[in-house]
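Asker: mind looking at a prediction? Sequence and model below.
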Amino acid sequence: MRAGITVRDLAAQRPLASLVWHTSGSVGTVRAPMTAPKITLDDVRHVAKLAALSLTPDEEARMVRELGSILGLMESLAGLDVTDVPPTFHAVPLSAALRPDRVRPSTPRAELLQAAPAQEDGGFAVPKVMDGEA
């Protein structure tokens with residue numbers, strides 16, 4: 001289901017009686033029960049449009065099946081009792097993943113600017129890519 005979907009959107013798609021109220025802390029959200037269709041052709045087309053993908057009708061149908069299968073696997077995980085499982089952020093423990101920052105000399109600016117195709121005000125000149133003022 002798309003992020004940012006509203007109760008009105010859901011009610012238009014499914015009878016209101018089939019909706020389930022879920023809470024997480026003090027925030028409540030309404031979503032369709034897990035037995036609802038996993039993903040629709042419209043959902044696939046919407047995501048493809050957002051990702052700037054052109055899908056053939058056969059690819060769209062395959063995506064509906066494959067994404068529905070993935071969501072079905074996620075649904076099977078929803079039935080697991082994880083009350084005694086501590087939250088984790090990584091599958092394996094990480095320690096000192098990054099080196100400590102250290103000040104070191106850098107390449108002189110003049111040397112770097114020699115390789116630049118264009119310079120402006122002592123820096124690299126690049127084409128404007130956005131309208132408006134900085």
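Answerer: Looks like it came in fine.

Asker: only C-alpha atoms for contact and neighbour calcs from this point on.
Answerer: Will do.

Asker: show me the contacts for the residue lying closest to Gly122 once chain neighbours are set aside.
Answerer: Closest residue in space to Gly122, ignoring its immediate chain neighbours: Leu113 at 8.0 Å, by CA to CA, 6 or more residues apart in numbering. The contact partners of Leu113, by CA atoms under 8 Å, 6 or more residues apart in numbering, come to 119, 122-124.

Asker: what strand or helix carries Leu113?
Answerer: Counting by DSSP states H and E, the element that carries Leu113 is helix 109-114.

Asker: could you pull out the buried residues of that helix?
Answerer: Using 16 or more other CA atoms under 10 Å as the test for burial, helix 109-114 gives Leu113.

Asker: tell me which strands the helix or strand following it pairs with, and in which orientation.
Answerer: Using DSSP H and E, the helix or strand that follows helix 109-114 towards the C-terminus is strand 119-120. Its sheet considered, strand 119-120 pairs with strand 123-124 (antiparallel) by DSSP bridges.

Asker: against which helices or strands is the lengthiest helix in the chain packed?
Answerer: Scanning the chain for the longest helix, with DSSP state H as the assignment, gives helix 57-78. If contacts are counted by 3 or more CA pairs under 8 Å, 6 or more residues apart in numbering; DSSP states H and E, helix 57-78 sits against helix 41-50.

Asker: check which helices and strands the helix it packs on sits against.
Answerer: Here helix 41-50 touches helix 57-78, going by 3+ CA pairs under 8 Å, 6+ apart.

Asker: so for the helix it packs on, mean pLDDT?
Answerer: For helix 57-78, the mean per-residue pLDDT is 91.
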